[in-house]
Each structure stands twice: as structure tokens, then as C-alpha cells.
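# model the structure of this input:
(one chain, ligands or ions: 2)
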Amino acid sequence: MAANTPNIVIILADDLGYGDITCYNPDSKIPTPNLDRLAAGGVRATDAHSPAAVCSPTRYGLLTGRYPWRGILKQGVVAPWGTSILERDRLNIPLLLRGYGYATGCFGKWHLGLTWQTKDGKAPVPVGKGLSNVDFTKTIKDGPTERGFDTWFGVDAPNFPPYVYIQDDKTVGIPDTHVEKAFQLNRPGPSLKNWNLERILPDVGRKAAQWITDQAKAKKPYFAYIPLPSPHYPIVPTKAWQGTTAAGAYGDFVAQTDAVIGEILQAIKDSGTEENTLVIFTSDNGPEVAGEVKPGVYERIGLSNHDSRGGLRGVKRDLWEGGHRVPFIAKWPAKLPSGTTTAETLCHTDIFATIAGIVGSPVLENAGEDSIDMVPALRGGAGGRRKIPTIHQSGDGKLAIRDGSWVYIDHVTGQNNGANGEPAALRTPDHGQPGELFNLSKDPREQTNLYAKDGGRAMRMKAQLEAIKTAGRSVPAQGSKRRDIGIGAKPIAGAEVIIDGSRQMLDDKWTYWQGPRFRSSMPIKWPVVTDPVDGGTCVKTDDPAAAGGVYGAADIVTKAVYRDFRLHIEFWIGGPGGNSGVYLQNRYEIQICDGDRTSHGLGAVINETPAPYHMYKGIGKWNSYDIVFRAARFAGGRMVEKPITTIYLNGQRVHTNVRINQVWGGPFSGVDGGNDDGKGITDTPQGLKLQCEGHDVRYRNAWIKPMMLSKADTEF
Ligand SMILES: [Ca+2]
Ligand SMILES: [Ca+2]
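Ligands and ions are numbered 1, 2, ... in the order given. Predicted coordinates:
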């Protein structure tokens, strides 16, 4: 059951308005030929929304499929030096795609928070004179590379310190110069000497394009998330772009943004992967109006007759449409129509379920709570309508609900920009009611507040909003349709049950692995104990010989031996640590170890992949592995193909056809222990081994089916 794994590229502009690009606004004063061409080759959505009208919450919603106000950040954005709002143990798009074998790269502005290590162990100094207490020689924690991305190049935010590039989890050079607050740099802080703001956009584009080129060569599906720093301020078009448009420096910067996007699209084309690559282009919120951008949206209308709002009401931070209705173009030559538009309501939170649907992943509990597959809408025709309301969020965390053509703003006004906001001349007379209600099909510019006239509808929509808030999700967890994977999975045809919680089966089908450190003695000492969650019985890794964590002293192994196989096994960890493990073919450990998130941690293909710890349910809960393993192949006594495996943890695919390069456990670990310092792989079928180190780890419902996989493919 091979997944459909197109390449996926998400390009997220920053503060680009609905009316900034020509294919959305024929009166735009900014040429955007590359985006117009993208739209001509794909689907252009006219009613797409960012989940919030500011940066950080939109990014959260896009990557998780969950409304940002359900998380820890209830309003505003992550402050300079602020910590991550993207939960470590939540499934997100890169983590999901990594499970399906994708290379994952992030290029550009993160702005979801990072953990900076400091010289004094205190929190980073956010403002003030002099340099911060951050130790830039140390790694940065909780960034993209700890949230599912293999690599990151970019900046936290171009207008926030530190003014320096970050590659993966380190700054590129030490920012050892202090800069003051200035126009376009609205926070003082450490900077690289001669930091050049103009370079950020082109450098990000170049790095993204190069990475795409490299991944295409490596023949791995790729996911590139490219949150561009532009046209957010600093408004810094390079010299070649200055004065090229009739919309001032802002227009020039948008035009350059279009050109950088063109370079990325060209790299996709040149790599030969265009046909089966889904490109999504959108913006994280409406156009900027605040003091750092001069002239702002409203001033530009007067100065250049360019309306970044595209005639909508409101700007960045506002709950009116201009705050969050954004350009949205999806192009995927292999699967989507070209040159069409859709008027269905879409939200960035829908990207999660869309991608999950494409690769065939279920949307499980605690993931994608506000996400529905948008492919039907993008394809057009019946069935594409968003069947659930969409929630909008303002800069200060106020909410609005959109249902069909109606929008109810649960706020005195849709306005969140204070003195910088809507000029008095544009204001409607009914400004200042307890809420605002508009019928967008008749009043797309939100000029007539129907709150007083249709209070019943307003109250019903408010109740609907409250219900969505309380429910914790706006779409039910779709769940897995597969009954052969995850907790409680029944043995498939041809599988043999090897742990049913009975003493007899333990004694019949298992024995001790008598390796170099074996200390126990038959019969097996592991006890059969009560299942602490569901009643019944299970098997506990508890043997006096292994007390204190003696490695290899009392591990058990199946009497039957296997080459290729499919395995289901459920495990429960009783306390912190709890080191055990499943050794595939008595060689390759898949850890069962609470607290270990490293590449030898829980669920990792040991030392070959990161740990998919986000899918682990934690202490005191049952977890499950479903694994297909294909043994190494030998010809004439020499290994010609390495072992590979595909693994699900708790019903979610976490590894696809991962190649195992060596036996990692060392000389005391398995059948090949004496070969090549413990690294060597031999052509000897072996049993399934379970590790015992004197911890309270329990097993139940394990079954295994021998297989014969002719091709090097373990997907299932
Ligand atoms: Ca933004
Ligand atoms: Ca272990």
C-alpha cells in the first residue's frame, strides 16, 4: 500500500495583502508575473483565510491544523526571544510527512518561538543597552529542527534581534555588535557586524531553491516550508528593484518577492519534479498599517492609488476581511485543474488535513482539530464546500465566525489598529455596536452592520462560536479506518499470536536469549501480571537477574526465527526511563524508553532516524508498534541490500522504508555481536527479542506474520 507522496512546497508571504498581486487585483500597481503564472497553472482561491490576522498564530494554525487560540498564545505574536508556542508533542505537517519518508526543510522566518541558551542561566534579556546574555556559541532549542524539520535556514523574525542567520540550530556567526532601535528595526539587540537586511529575502530564496534541487536529485519526496520574510518590514528591496514599481518601496519589495518566488518555482521545474509537486502560495495575514511601514496601506491608496486590501475592509490585525482574507494559489499539475478559481471558503488550518489526505494518513485525536481536506474544493464541482464554520482571530485575540456568506464579529468593532487603523473617512455610521454582522454575498466590503437589525442571527452565530471554542475541535477526529494497526489490532491472516498475556504462551513461544551477558536461567522469570489499564493480564519485563539494569542478562527471544515479517506489539511503561525495547531479528532495537527523544529514543529506528516521540502516549498508557521489516539480502556471502523497515506508532506512520546501516547495539546486543566489532550484519534469521533491564515495562497483544518481501519495500 504505497502512499501517494508528491513533493509539497508551501510558500508563505508575510503581510502580503489580498490586493497586492495582479491576478487578485487587476488595478494593482505591482507587477507579479510569477505568481500570476502560478495561478494560471493552478487553482486560485478567492475566499481563503489565514487563521489569524497576525504572524505567529497563523504559522501555528498552518502547521498544526488547529486554531491558534486553542494553544498557549491567546493574542499578539511571540515576542523577541520568546519561547515556542508549537507544542513538542503535537503532530504537525513536517512530523507527519517525515513519517512518510519525506525530507523536510524550513526556509525563512520562523516566529513560533525558540529557546535561547544563556550565559547566566536566566531568561534572555529582551531589551536594553548592550548585548544580550544569550550564549550564541550554544545550540538553539525548540526551533524547526526540533519540530520536524531536517533543516532550517533563515531568521526568527527580520525585525527582531538577534540580527543574524540561523542554520539548523546555530547562528551563522556570533552577533557581537549592539544595534539600537531604528526605523525598520523596532527592537534593539545583538547583531552580526555589517548585517545586511537586504540580503535576507534573496538568500532565503536561494537556499530554498538549492535545497529543492538537492532533494530532487536524492530521489526523496520533499516538503519545503518557505515562510518568506517579505513584504513584512524592514521594507528593503535590493538596489536592482528600487524604483521599479509605481507603488513605492513597498511595491518594489513585493515585486522582488514575486521574483524570488519565481526562482523557487524555476528550481522545481528545473529539477524535473514540477508535475508531481503541490505548490501552495499564500500570505499569513493582511497588509501592514502600523508605524514601521510608511507609507502604510491607507496612505498608499492616496499616494499611489494602490490598494493592498483589494477593496476589502480592514488590514493586518483586524477582524474585517482585509485582516485575514489572503491570496491562496495551489498548483499541482498531476492532480489539480489549471487556470481555475474556487470561491469556497478555505482556511490555512485546512492544509494539515489536505496533506494528511494526500499521503493517506488518518487524522487522529489531538491533531488537526480544525482542519478539513481542501482538495475537493480545489478540484471544483460538488462536494467541495467547507461544511463547518471558519473562525478568524484578530491581533488582540478577539474572534469572529464565518458561516456561508455570513460573518459575525464578536467584538465591538472589527478594528484592532487603534490610531493607525481605519481612517475616519472610511468609517461606517454604525461603528461601535456590541458586535458586527455582515452578509458578505451582498456586502463584501462590510459596510452595513446588520447586528441591530438581525440580532437573532448574531446571537445564533455567537452561540455557534462558543460551542466550537468549548468542543476543543471543530471537526471530529477522522480516525484510522484500519483495524489492523494501533491499539487492539487483531491478528491479520497468517499471523501468529506470540503474547496473549498468558503464562503458557510465554513459556511455549519464548526463551531467554543466551548472549554474552546472560545471567538468568530457564524457565522464564518474567511474571504475568494484571493489565493496569484494561484488566486482564500482560507480561512484565521483570527478572531478578537484570535488577539494576544489567544489559542482556534476561532478555527473551521467540523460539521461532524470522527473516521478513510484520509485527504488532503493545507496550506500557510504568515509570520514567523504563528501558526496554523490541529487537527486530534480534539485532535492531526499536526503543521502549520513556523520556528519550534522541535518535536512540522511543520509536526511533535506532541511530538512523529521530525519535517520533510526539506519537508516544506517555507513562501508564498502552502504546503500539506496527512494523514491517525486511531483512538484509546477501549474494555470494556479501550483503547486497541493507535491512529496511516501516513503522507505525499508535496508529500513525512514523517511518517509511528506513534503511538500517549496521547493528548499533555493540558486541553484547544481538546475534551479530561478534562480527565486525558488533556492527556487522549476517545472513542468519533470528527471533524477535524483548529487552529486560529491571524496569516495569509490560507487553500484551503481540502477533507476528512471517513474510517474503521480494522487493525492497516495506510500506503497508
Ligand atoms: Ca505577518
Ligand atoms: Ca532499550
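
# for the closest residue to ligand 2 within the chain, grab the count of nearby residues.
Nearest to ligand 2, among the residues of the chain, is residue 581, at 3.3 Å (CB to the ion). For glycine as for every other residue, the C-beta is placed from the backbone atoms N, C-alpha and C. Residue 581: 25 surrounding residues under other CB atoms under 10 Å.

# again, but for residue 243
Count around residue 243 with other CB under 10 Å applied: 12.

# likewise the one 3 residues further on?
Other residues within reach of residue 246, judged by other CB under 10 Å, total 15.

# ok, now the one 4 residues further on?
Applying other CB under 10 Å, we find 31 residues neighbouring residue 250.

# now it: closest residue in space, sequence neighbours ignored.
residue 235 (5.6 Å; CB to CB, 6 or more residues apart in numbering).

# for the one you found, what are its contacts?
Each residue near residue 235 by CB atoms under 8 Å, 6 or more residues apart in numbering is listed here: 184, 249, 250, 253, 293.

# same check on residue 493?
With CB under 8 Å, 6+ apart, residue 493 has no contacts at all.

# still on that earlier bit, quick check on the residue of the chain closest to ligand 2: phi, psi?
Phi and psi for residue 581, reported as degrees, to the nearest 10, are phi 170, psi 150.

# can you pull out the helices in the stretch 1-150 of the chain?
Ranges of helices within the stretch 1-150 of the chain are 33-40, 55-64, 93-99, based on DSSP state H, counting those that start in this stretch.

# kindly report the same for the chain.
33-40, 55-64, 93-99, 200-218, 248-270, 297-304, 321-324, 350-359, 375-379, 455-471, 503-509 (DSSP state H).

# picking up where we left off before, can you list the helices of the stretch 1-150 of the chain in CSV and add mean neighbour count?
As requested, those are exported to CSV (neighbours: other CB atoms under 10 Å):
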stretch, mean neighbour count
helix 33-40, 20
helix 55-64, 28
helix 93-99, 25
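
# export the ones you listed to a markdown table and tack on mean pLDDT and distance to residue 519?
Listed next are the helices of the stretch 1-150 of the chain as a markdown table, based on pLDDT from 0 to 100; distance: least, CB to CB, whole Å:
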| stretch | mean pLDDT | distance to residue 519 |
| --- | --- | --- |
| helix 33-40 | 98 | 65 |
| helix 55-64 | 98 | 47 |
| helix 93-99 | 98 | 38 |
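
# ok so, going back, out of the contacts of residue 235, who has the most neighbours?
residue 250 (31 neighbours).

# check contacts around that one.
231, 235, 293, 295, 300, 308.

# min pLDDT across those, which one?
On pLDDT alone, residue 293 ranks lowest of the contacts of residue 250, at 80.

# OK, contacts around that one?
Counted by CB under 8 Å, 6+ apart, residue 293 has contacts 233, 235, 250.

# how near is the second one to ligand 1?
Applying CB to the ion, to the nearest Å, one obtains 13 Å for the distance of residue 235 from ligand 1.

# now do the first one
From residue 233 across to ligand 1, the span is 10 Å (CB to the ion).

# wouldn't the residue of the chain closest to ligand 2 be in contact with residue 590 here?
Yes. Counting by CB atoms under 8 Å, residue 581 does reach residue 590; the two are 6.4 Å apart.

# quick check: residues of the protein near ligand 1?
Neighbours of ligand 1 within the chain, by CB under 5 Å from the ion: 14, 15, 55, 284, 285.

# list the contacts of the third one.
Right, residue 55. Residue 55 neighbours (CB under 8 Å, 6+ apart): 14, 15, 77, 109, 111, 157, 232, 284, 285.

# list just the nearest of those residues to residue 537.
Ranked by distance to residue 537 (CB to CB), these are led by residue 111 at 50.6 Å.

# tell me which residues touch the closest one, please.
55, 56, 59, 77, 78, 156, 157, 227 are the contacts of residue 111 under CB under 8 Å, 6+ apart.

# model confidence score at it, please.
98.

# residues contacting the residue lying closest to it once chain neighbours are set aside?
If the residues on either side of it in the chain are set aside, residue 111 comes closest to residue 157, at 4.8 Å by CB to CB, 6+ apart. Each residue near residue 157 by CB under 8 Å, 6+ apart is listed here: 55, 80, 109, 110, 111, 229.

# of the residues you listed, which are in range of ligand 2?
Of those, not one also sits near ligand 2 (CB under 5 Å from the ion).

# farthest pair within these?
Top of the distance list for these (CB to CB): 80 and 229, 14.9 Å.

# neighbour count winner among those two?
residue 229 (25 against 19).

# residue contacts, that one?
Each residue near residue 229 by CB under 8 Å, 6+ apart is listed here: 14, 108, 109, 154, 155, 157, 158, 200, 201, 204.

# identify the residues contacting the last one.
Taking CB under 8 Å, 6+ apart, we find residue 204 in contact with 107, 108, 153, 154, 226, 228, 229, 260.

# ok, the fourth one next?
Counting by CB under 8 Å, 6+ apart, residue 154 makes contact with 106, 107, 108, 109, 110, 165, 166, 200, 204, 227, 229.

# just send those residues back as JSON lines, with distance to residue 610 too.
Listed next are the contacts of residue 154 as JSON lines, based on distance: CB to CB, whole Å:
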{"residue": "106", "distance to residue 610": "15"}
{"residue": "107", "distance to residue 610": "19"}
{"residue": "108", "distance to residue 610": "22"}
{"residue": "109", "distance to residue 610": "23"}
{"residue": "110", "distance to residue 610": "18"}
{"residue": "165", "distance to residue 610": "23"}
{"residue": "166", "distance to residue 610": "19"}
{"residue": "200", "distance to residue 610": "28"}
{"residue": "204", "distance to residue 610": "24"}
{"residue": "227", "distance to residue 610": "22"}
{"residue": "229", "distance to residue 610": "27"}
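
# can you tell me which of the residues you listed are in strands?
106, 107, 108, 109, 166, 227 (DSSP state E).

# so of the residues you listed, which two are at opposite extremes in space?
Top of the distance list for those (CB to CB): 166 and 227, 13.0 Å.

# if we can go back for a sec, between the contacts of residue 229, which is nearest residue 401?
Closest to residue 401, out of all of the contacts of residue 229 and judged by CB to CB, is residue 14, at 25.7 Å.

# excluding chain neighbours, what is closest to residue 607?
In space, residue 607 is closest to residue 664, 4.6 Å off (CB to CB, 6+ apart).

# check residue 211 too.
Nearest to residue 211 is residue 105, by CB to CB, 6+ apart, at 4.9 Å.

# give me the beta-bridge partners of the one you found?
Beta bridges link residue 105 to residue 151, residue 224 when assigned by DSSP bridges.

# contacts only, for it.
Shown in contact with residue 105 (CB under 8 Å, 6+ apart): 149, 150, 151, 152, 208, 211, 215, 222, 223, 224, 225.

# dump those residues to a markdown table, plus neighbour count.
A markdown table is the format used below for these (neighbours: other CB under 10 Å):
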| residue | neighbour count |
| --- | --- |
| 149 | 25 |
| 150 | 19 |
| 151 | 16 |
| 152 | 23 |
| 208 | 27 |
| 211 | 22 |
| 215 | 22 |
| 222 | 25 |
| 223 | 27 |
| 224 | 26 |
| 225 | 27 |
